[in-house]
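# Here is a sequence together with a model predicted from it:
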Amino acid sequence: MNSSADIPAEDPFAAAMAEEDVRGRSLWVDAWHRLLKNRAAVISGVIMAVMILLVLVGPLLSPWEGDFTDWDNTSSPPSLETGHWFGTDSVGRDILVRTLEGGRISLLVGLVATLVSLAIGVTYGAIAGYYGGFTDRIMMRMVDIIYALPFMFFVILLMVVFGRHIVLIFVAIGAVNWLDMARIVRGQTLGLKNTEFVEAARACGVDHNAIIRRHIIPNLLGVVMVYVTLTIPQVILVESFLSFLGLGVQEPMSSWGALVNDGAQDMESAPWTLIFPAAFLTVTLYCFNYIGDGMRDALDPKDRL
Amino acid sequence: MQHSASRLLGLIPTLLVLITIAFFLIRLAPGGPFDSEKILPPEIKANLDVKYHLDEPLLMQYFRYLGQIITLDFGPSFQYKDWTVNELIARGFPVSMTIGGLAVLLAFLLGTLIGIVAAMKQNTGTDYSLMGVAMLGISIPNFVVAPLLILLVAVYAGWLPAGGWDWSVQRMVLPVLTLALPTTAYIARLTRGSMIEVLHSNYIRTARAKGLPELLVILRHALKPALLPVISFMGPATAGLITGSVVIERIYSIPGLGSYFVQGALNRDYTLVMGVVIFYGVIIILLNFIVDLLYAWMNPRIRYNEVQ
């Protein structure tokens, strides 16, 4: 790391000195530069941007509708002549459009369910960490208990019990995925409360609000963002898992998991119905994992050498 | 010892929460175990309800159930007539355990081996390609790997049977491989990370300085501390394998406990679903407990603190 990156953003003197000629680099700029140096993360980011664009715009540009059945071309292999670039399934639906439309649902679930788990986890963890003591012990004991439960079985039960509504999928998956977030946020809050730089800020007369805004939140956000990125692929995976078992989204809606399930049914006669959705799903999970990894390396203060 | 005993007692509330959530969740589900296409005459349904105590208030059923499972009796299955849940578990579990156990073993051995090799060759082409493959192993879902393997190995090449179960090795290979893949990948990444950290410590430098060959440094000095994170991951890993087995058993049509669970949940077989959830819950909780003990036993720093 070069020397200018070593100036800590919290240092008011360095910041004041740097104000005139050289602009100080904030925590975020610093992390951003480190992320850009991570080739795997950058490539993954570009692929994901293209993927999101494709999924949003692709179905609009395609001549086919997702539920249109082309009876002249059922189970036809990928070809440019028929206009079905990824082929069709056993009732003649275009695999390309269905994969893109399924991607909308899969990515949407990934985003919304992650936000649900983020909201629950950050609130819960921050409260436990901030109040500490008895409250903290009770709250974390509860997390420990829930942690030991086979949560996937509960998601399956939830889906069976309450039906397969899409909103419920968001909530159910988010509601069982917040534990890690709560633990991490709580640990960070606990640690940050007593660090030297917070103490120093307090000694300088900075009020609580500013301490939280300038010192605790920025340090917390990095870790939270890393876990958000790592939660997204997990959540997408859980949704596809449910859809694969036939417990996720229902027709005419589709998701990558549901498409893989369909494809697996007639893969012997029409392997393309399996391969394309599976490839999209895997590439997405792969990229998100790399981005999350890269962000952890860029933002995790403990690895900053 | 005292510490372990109190930890063991601490498992009881966890278990109680597990049973309570599972019990009320499945009872909330619309529809009952005796709903079928053929509508039963009300008298017969009433008789069935009385026989299985479904006519009692929910709270009473709950306490009856608690009393019942203290004696380790999960009751009769609603769906599989003439079978008790205990018998079904006794039938399905050995199958699931064989696949799961082999997968854990494979994942542990292969994962640590890959991790160690990658750590020894840190930041070389070998390291990057091994970790790239490991990342793929984490990212590619079980239910994508399984059909692809069936397609390639069973359908196109015809080397192995595509599914089914008869306790033969040929039918075990694909399910075990599929189940072990993500865990192997995760363990490989964990081992690499912690091995690199350990290899930078002072006592390793000392060992190298006195002229020990690199292999001996790794095996005799670095391996044990580097495996600590892997050991503590084995608890969640087993839980993950159990969950994964639900899909694996479905795809390869294996008559294990996971397939009973999905079938039971769809058919509102209350007692079977509860039985499987509690059974697996106990296994996961106990394994986490054993892993904790093992971790403390392997990590001298924790042991030292306990003595203090």
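Looks like it arrived, so ask away.
# Please count neighbours and contacts with C-alpha atoms only from this point.
OK.
# Give me the most central residue, chain A.
For chain A, A:I232 is the residue whose C-alpha lies nearest the centre (CA atoms, centre = their mean; 2.0 Å).
# Chain B contacts on the stretch 151-300 of chain A?
A:152-154, A:156-158, A:160-162, A:237, A:241, A:244-245, A:260, A:264, A:267-268, A:278, A:281-282, A:285-286, A:289-290 (CA under 8 Å from any CA of the partner chain).
# picking up where we left off before, pLDDT value on the residue nearest to the centre of chain A, please?
The model reports A:I232 with a pLDDT of 85.
# unless I'm mixing things up, it is touching A:V112, no?
No - applying CA atoms under 8 Å as the test, A:I232 and A:V112 come out as separate, 9.1 Å apart.
# ok, longest helix in chain B?
helix B:85-120 (DSSP state H).
# helices or strands next to that helix in the packing?
If you count contacts as 3 or more CA pairs under 8 Å, 6 or more residues apart in numbering or on different chains; DSSP states H and E, helix B:85-120 packs onto helix B:125-139, helix B:169-199, helix B:223-251, helix B:257-266, helix B:270-298.
# now it against helix B:125-139, angle please.
The directions of helix B:85-120 and helix B:125-139 differ by 160 degrees, with axes from the mean of the first three to the mean of the last three CA atoms, to 10 degrees as the criterion.
# Helix B:85-120 - what's its average pLDDT?
87.
# Just give the number of residues close to residue 127.
Looking at chain A here, since you left the chain open. Around A:I127 there are 18 other residues, counting by other CA atoms under 10 Å in any protein chain shown.
# My question was about chain B, not that one.
When neighbours are counted by other CA under 10 Å, B:D127 comes out with 19.
# so how far is A:D297 from the residue found closest to it once you drop the neighbours it is linked to in the chain?
Excluding its sequence neighbours, the residue lying closest to B:D127 (CA to CA, 6 or more residues apart in numbering or on different chains) is B:A118, at 4.4 Å. Distance from B:A118 to A:D297, counting by CA to CA, to the nearest Å: 18 Å.
# contacting residues around A:I291?
A:40-42, A:44-45, A:229 (CA atoms under 8 Å, 6 or more residues apart in numbering or on different chains).
# Okay, and which of the residues you listed map to helices?
Reading helices off the contacts of A:I291 with DSSP H, I get A:40-42, A:44-45, A:229.
# ok, so of these, who is nearest B:I204?
Nearest to B:I204 among the ones in helices among the contacts of A:I291, counting by CA to CA, is A:A40 at 31.0 Å.
# so the closest one makes contact with A:Y290?
Yes - if you go by CA under 8 Å, A:A40 and A:Y290 touch, sitting 6.5 Å apart.
# and residue 153, how many residues sit next to it?
No chain specified, so I'll use chain A. 23.
# ah, no, chain B please
Neighbours of B:V153 using other CA under 10 Å come to 16.
# Just the local confidence number for it, please.
pLDDT at B:V153 comes out at 80.
# residue contacts, it?
B:159-160.
# do stretch A:109-124 and chain B meet at all?
No - shown here: stretch A:109-124 not in contact with chain B (CA under 8 Å from any CA), separated by at least 14.4 Å.
# What's the mean pLDDT across that stretch?
Stretch A:109-124 comes out at a mean pLDDT of 85.
# ok, now stretch A:144-155?
pLDDT averaged over stretch A:144-155 gives 73.
# what does it contact?
In contact with stretch A:144-155 (CA under 8 Å, 6+ apart) are residues A:172-173, A:176, A:179, B:13-14, B:17-18, B:22, B:239, B:243, B:277, B:280-281, B:284-285, B:288.
# Just the buried ones out of these, please.
Judged by neighbour count, with 16 or more other CA atoms under 10 Å in any protein chain shown as the criterion, the buried members of the contacts of stretch A:144-155 are A:172-173, A:176, A:179, B:14, B:18, B:22, B:239, B:243, B:277, B:280-281, B:284-285, B:288.
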